[in-house]
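Colleague: Pasted the sequence and its predicted model underneath.
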Amino acid sequence: METPKTRLTEWSEGSGCGCKIAPAILDQILSASGSFFQSDPNLLVGNSHKDDAAVYQVSEDLAVINTVDFFTPIVDDPFDFGRISAANAISDVYAMGGKPIFANAILSWPVEKIAPELAAKVLEGAKSICKEAGIELAGGHSIAAKDPIFGLSVNGVIHPRKIKTNQGAKSGDLIFLTKPIGIGVLATALKRQKIEEKDYFKLLDTACKLNSIGGVLGNHEEVHAMTDVTGFGLLGHLIEMAEGASLSAEIELDKVPLIEGIQEYINQFIFPDNTYRNWNAFNTKTKGVKGMDLVKLCDPQTSGGLLIAISPENQNWFLDTMKVENQPVWEIGKFVTGGDFVVEVI
């Protein structure tokens with residue numbers, strides 16, 4: 001792995017979904033602006049759900065999904081930056097159980113300081129992932145600004161009765177995860193120029209993998225809830241699912257999958273600063289986290305996996321389906337009746 005002459009990660013303090021606004025501050029912004037209040041009955045999913053995308057019903061059997069997701073560079077290679085950004089944005093449609101149909105690009109680029117040719121490589125990478133997802137990168141909007149930023153606005157479709165939200169879990173449901181944790185740790189190692197080449201490719205393999213299994217699961221009522229794991233870490237997005245369903249969750253830390261080798265970086269205190277931001281936001285709702293285990297639970301993911309809630313009686317069907325679809329999956333816990341803590345780590 002050669003280090004590019006222009007290191008895109010030097011142009012931002014955070015990287016990827018780790019540059020998200022802190023949960024408490026975001027809630028403050030949305031509350032003060034009245035954004036949680038929405039009155040259109042055709043808006044089936046909006047801000048009030050804290051979900052992955054908005055869903056608008058246009059007919060009895062058709063709803064439109066829209067999401068927008070963008071961030072500062074998570075890697076130095078512009079082509080790979082475009083790939084990860086596109087996979088991350090498209091994931092929001094899959095997390096709703098939908099089918100993406102086309103996307104528009106969002107590009108901020110300091111054209112006088114970073115060669116426009118590198119921006120073209122970002123778009124090229126995004127187009128490669130859009131092609132893999134079977135959609136067109138149809139257009140977009142660009143500005144000249146001091147920070148490089150890239151992402152997509154993605155449109156999708158779904159039947160109104162097949163929408164998967166992050167609020168549908170039921171007590172007793174098993175919790176599954178489709179990607180290992182550690183993207184934020186590896187991205188930080190890259191930013192600090194401490195990453196080994198083999199681990200960089202693990203980062204790419206994980207972050208560039210489409211969550212297309214979500215589109216398959218949207219057709220099955222056995223799936224009660226889904227969301228993707230991004231900037232608030234596994235813990236933050238699990239809390240959103242549990243609170244949305246008025247439940248608590250129990251997870252077994254030893255069952256949480258990790259990208260091979262990230263513990264070596266954690267031992268060197270190489271992980272995103274926003275890991276602590278996430279922990280500070282969610283620790284009062286959590287029981288059983290010991291020492292540096294918080295890193296695994298709060299590591300900000302960029303294009304992370306799907307969290308899926310399945311009833312126990314459908315476990316065999318689900319695992320058989322995952323095998324047929326060649327989709328790795330890990331069972332990490334279960335939802336239970338609401339208790340004193342939203343998440344208990346056992």
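Modeller: It's in. Residues are numbered from 1 along each chain as shown.
Colleague: next one: phi and psi at residue 276?
Modeller: The phi/psi pair for residue 276 (degrees, to the nearest 10) reads phi -70, psi -40.
Colleague: Next up, the contacts around it.
Modeller: With contacts defined as CB atoms under 8 Å, 6 or more residues apart in numbering, residue 276 is in contact with residue 298. Placement of C-beta: from N, CA and C, glycine included.
Colleague: what's the spacing between it and residue 184?
Modeller: Separation of residue 276 from residue 184 (CB to CB, to the nearest Å) stands at 12 Å.
Colleague: ok, now residue 100?
Modeller: 25 Å.
Colleague: One more: residue 269?
Modeller: Residue 269 sits 13 Å away from residue 184, going by CB to CB.
Colleague: quick one, which of the two is more surrounded?
Modeller: Neighbour count, other CB atoms under 10 Å: between residue 269 and residue 184, residue 184 has more, with 31 against 9.
Colleague: Surely that one is within a strand?
Modeller: No. Looking at residue 184 with DSSP: H, G, I helix; E, B strand; the rest coil, it is helix, so not inside a strand.
Colleague: Surely residue 177 is in contact with residue 229?
Modeller: Yes. Under the criterion of CB atoms under 8 Å, residue 177 makes contact with residue 229 at 7.2 Å.
Colleague: shared neighbours of the two, anything?
Modeller: Joint contacts of residue 177 and residue 229 (CB under 8 Å, 6+ apart) are 305, 306, 307.
Colleague: Go through stretch 66-83 and flag the buried ones.
Modeller: 67, 69-83 (16 or more other CB atoms under 10 Å).
Colleague: I misspoke; the intended subject was stretch 252-260.
Modeller: Buried residues in stretch 252-260 (16+ other CB under 10 Å): 256, 257, 259.
Colleague: OK, contacts around residue 156?
Modeller: 53, 64, 65, 66, 93, 96, 98, 99, 100, 101.
Colleague: same thing with residue 287?
Modeller: Contact partners of residue 287, counting by CB under 8 Å, 6+ apart, are 340, 341, 343, 344, 345.
Colleague: any idea how far it lies from residue 252?
Modeller: 14 Å.
Colleague: any residues in contact with both of the two?
Modeller: Here residue 287 and residue 252 share the contacting residues residue 345, scored by CB under 8 Å, 6+ apart.
Colleague: buried sites along stretch 337-346?
Modeller: So stretch 337-346, judged by 16+ other CB under 10 Å, has buried residues 341, 342, 343, 344, 345.
Colleague: CA atoms only for that stretch, dumped as CSV, please.
Modeller: Taking Å, rounded to 0.1, in the frame of the first residue of the first chain, the C-alpha atoms of stretch 337-346 are listed here in CSV:
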residue,chain,number,x,y,z
THR,A,337,-38.7,-6.2,28.7
GLY,A,338,-37.6,-2.7,29.5
GLY,A,339,-35.5,-2.4,32.7
ASP,A,340,-33.4,0.1,34.6
PHE,A,341,-30.8,0.2,31.8
VAL,A,342,-31.4,0.2,28.1
VAL,A,343,-28.5,-2.1,27.3
GLU,A,344,-26.9,-4.6,29.6
VAL,A,345,-23.6,-6.1,28.6
ILE,A,346,-23.1,-9.7,29.9
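Colleague: And it, how far out from the chain middle?
Modeller: 23 Å (CA atoms, centre = their mean, to the nearest Å).
Colleague: For that stretch, the averaged confidence score.
Modeller: Stretch 337-346 comes out with an average pLDDT of 94.
Colleague: who's in contact with it?
Modeller: Contacts for stretch 337-346 (CB under 8 Å, 6+ apart): 171, 235, 238-239, 242-243, 246-253, 282, 285-289, 293, 297.
Colleague: Mind checking which of those residues are buried?
Modeller: Members of these classed as buried by 16+ other CB under 10 Å are 235, 238-239, 242-243, 247-251, 282, 285-287, 289, 297.
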